[in-house]
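Student: What shape does this take:
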Amino acid sequence: MLKHPNTKGFTLLELLIVIAIIAILSVILILVLNPTEALKKSRDTQRMADLATLKTALGIYLLNNSSPKLAGSSNAGCRGAIGNTDWQPSDYIYYSYPSDGPGGAITAKNLDGATFTTGGAHQVTSDHLGATDGTGWLPIDFTSIPGGSPISSLPIDPVNTMADPTKPSSTDLVYRYICSENSNQYEIAATLESKAYTVDDNKMAKSGGSPNYYKVGTNINLINTESPSTPSAPALAIGDSYQGGKIAYILQPGDPGYDPAVQHGLICAERDYPSAAKWAPSNSLVGTATGLGTGAANTNAIIANQGVGSYAAAFTKYFTDGGYNDWYLPSKDELSILYSNRLSLDGLNEGYDYWSSSENDANTAWLENFSIYPYVGPDSKGNYRFIHLIRSF
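Tutor: From the prediction side, this is the model:
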């Protein structure tokens, strides 16, 4: 007789026991490996490596520049002012979070221990984040180093998000950069997220300075926590060097934009625009104003009406003295202020005819002659006159 082999399979109970054992082992494996924590730790490792890379690049930049610019074309965007290390209302904190990010631009003015007015958060758009020529999120021109930039692209945080750009917090996973206007000092900060590097081996606390960040730099005490406080703004006076030029006027009670708590006013460029120009290439009624506080709107209206070209208002788009690109033609009344305070300002030439941004009619615009006996009157828009630009603060 032939004997059949024993083909008995698993019983239902045995299958359930095997499944239960596999499930228990899976849970134990997940608890042991903790993939979420592993990912956080991996990102933190990348953050520390990124900051080390930036520190090395900055070290090379400082070594190869006798007059380094740590904030664009000047150091005016750094913390403090010459002789003052406190936060100033016009200072900036530079963020790796883009201005066109999912949550929009950072609008908060209470940042890292200071209440800003004209300054605050500095951002660039997503397509410029990694630029190494000073237009990236880190405002340093590494391409000016002999031999070229030591890095091909500026690193950004692996997550690079903000929970709420209207209320930035030290818990936001972005990179921050702060520099000092008084010295060649800087700090780059990141927020770590893994338990391994915030509890077990707290790299943020060990890096010194604020315990809320992991920091590298030549001064790791530049950044504070987000506890708003109002710094004392420096008292400004006509003729003071400030934000790319000289203070030409400080707003008084009754002036448009006057704020008793914060000084505002006009800044005069320290030189004429390099060439004289027509007021506009063609005659048409733009619709401008003459009063204090109208020059910027006038300039924009002229450009919108006349388009691209070689004329006074259009030239304002190419003027970037002091690292600022918001210069404009003064209105008729603003130009008269420059004349009144000309002895305290720079670059205004005796006897020159200067254009204002205020038109008289479709064919003429207001100018002023800067002589001992000034002439204020209309002139043909097609005549070539001199240009001296201002900006607001």
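Student: Please parse this structure into its domains.
Tutor: 37-217, 241-392 (automatic domain parsing).
Student: in the helix ranked longest in the chain, what counts as buried?
Tutor: If you go by DSSP state H, the chain has its longest helix at helix 35-63. Buried positions in helix 35-63, judged by neighbour count with 16 or more other Cβ atoms under 10 Å: 40-41, 43-44, 47-48, 50-51, 54, 57-58, 60-62. C-beta: built from backbone N, CA, C; applies to glycine.
Student: Equivalent analysis for stretch 212-223, please.
Tutor: For stretch 212-223, using 16+ other Cβ under 10 Å, the buried residues are N212, Y213, Y214, K215, V216, G217, T218, N219, I220, L222, I223.
Student: Repeat that for stretch 277-289.
Tutor: Residues of stretch 277-289 classed as buried by neighbour count (16+ other Cβ under 10 Å): A277, K278, W279, A280, V286, T288, A289.
Student: Could you tell me which ranges of the stretch 101-250 of the chain sit under the pLDDT cut-off?
Tutor: By pLDDT under 70, the weakly predicted segments of the stretch 101-250 of the chain are 113, 225-234.
Student: Which stretches in it count as strands?
Tutor: All strands of the stretch 101-250 of the chain, identified by DSSP state E, counting those that start in this stretch, fall at 110-111, 114-115, 120-122, 176-179, 186-190, 214-217, 241-242, 245-250.
Student: Could you list every helix and strand in contact with the third one?
Tutor: Think strand 120-122. strand 92-95 (3 or more Cβ pairs under 8 Å, 6 or more residues apart in numbering; DSSP states H and E).
Student: Ok, the longest one next?
Tutor: Helices and strands touching strand 245-250, by 3+ Cβ pairs under 8 Å, 6+ apart, are strand 265-268, helix 332-340, strand 390-392.
Student: Figure out how far the longest helix of the chain is from the centre of its chain.
Tutor: Its chain's average C-alpha position is 22 Å from that of helix 35-63, according to Cα atoms, centre = their mean, to the nearest Å.
Student: Same question for stretch 282-295.
Tutor: Here the centre of stretch 282-295 is set off from its chain's centre by 30 Å, with Cα atoms, centre = their mean.
Student: How about stretch 66-80?
Tutor: Here stretch 66-80 is found 12 Å from its chain centre; the criterion is Cα atoms, centre = their mean.
Student: repeat for stretch 310-322
Tutor: Its chain's C-alpha centre and that of stretch 310-322 lie 21 Å apart, by Cα atoms, centre = their mean.
Student: One more: stretch 273-282?
Tutor: Stretch 273-282 has its C-alpha centroid displaced from the chain centroid by 31 Å (Cα atoms, centre = their mean).
Student: Any idea how far apart the tips of it sit?
Tutor: Length of stretch 273-282, first residue to last, Cα to Cα, to the nearest Å: 21 Å.
Student: Redo the strands of the stretch 101-250 of the chain as CSV? Include distance to R342.
Tutor: Output for the strands of the stretch 101-250 of the chain, formatted as CSV (distance: least, Cβ to Cβ, whole Å):
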stretch, distance to R342
strand 110-111, 38
strand 114-115, 35
strand 120-122, 33
strand 176-179, 34
strand 186-190, 38
strand 214-217, 43
strand 241-242, 16
strand 245-250, 9
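Student: Can you show me the helices along this structure?
Tutor: Under DSSP H, the chain gives helices at 12-33, 35-63, 195, 203-206, 295-306, 312-315, 332-340.
Student: With distance to D127 added, can I get the ones you listed in a markdown table?
Tutor: Shown next, in a markdown table, are these (distance: least, Cβ to Cβ, whole Å):
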| stretch | distance to D127 |
| --- | --- |
| helix 12-33 | 38 |
| helix 35-63 | 19 |
| helix 195 | 35 |
| helix 203-206 | 31 |
| helix 295-306 | 25 |
| helix 312-315 | 26 |
| helix 332-340 | 36 |
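Student: Let me see the contact set for A248.
Tutor: I238, G265, L266, I267, C268, I337, L338, N341, L345, I390 (Cβ atoms under 8 Å, 6 or more residues apart in numbering).
Student: picking up where we left off before, for the domains of the chain, give me JSON lines that also has distance to I19.
Tutor: Shown next, in JSON lines, are the domains of the chain (distance: least, Cβ to Cβ, whole Å):
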{"stretch": "domain 37-217", "distance to I19": "27"}
{"stretch": "domain 241-392", "distance to I19": "67"}
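Student: quick one, which of the ones you listed is nearest to I24?
Tutor: Of all the domains of the chain, domain 37-217 sits nearest to I24, with 20.7 Å by Cβ to Cβ.
Student: what sits against the most centrally placed residue in the chain?
Tutor: When Cα atoms, centre = their mean is applied to the chain, the residue found nearest the centroid is H122 (2.4 Å). Applying Cβ under 8 Å, 6+ apart, we find H122 in contact with G77, Y92, I93, Y94, Y95, P139.
Student: quick one: least confident of the residues you listed?
Tutor: Lowest pLDDT of the contacts of H122: G77, 86.
Student: To what extent is that residue buried, counted in neighbours?
Tutor: Burial measure for G77: 23 neighbouring residues, criterion other Cβ atoms under 10 Å.
Student: Find the nearest non-adjacent residue to it, please.
Tutor: Spatial nearest neighbour of G77, excluding adjacent residues (Cβ to Cβ, 6 or more residues apart in numbering): A71 at 3.5 Å.
Student: count of neighbours near that neighbour?
Tutor: Burial of A71 is recorded as 25 neighbouring residues (other Cβ under 10 Å).
Student: excluding its backbone neighbours, what's nearest I151?
Tutor: Nearest non-adjacent residue to I151 (Cβ to Cβ, 6+ apart): A57, at 5.0 Å.
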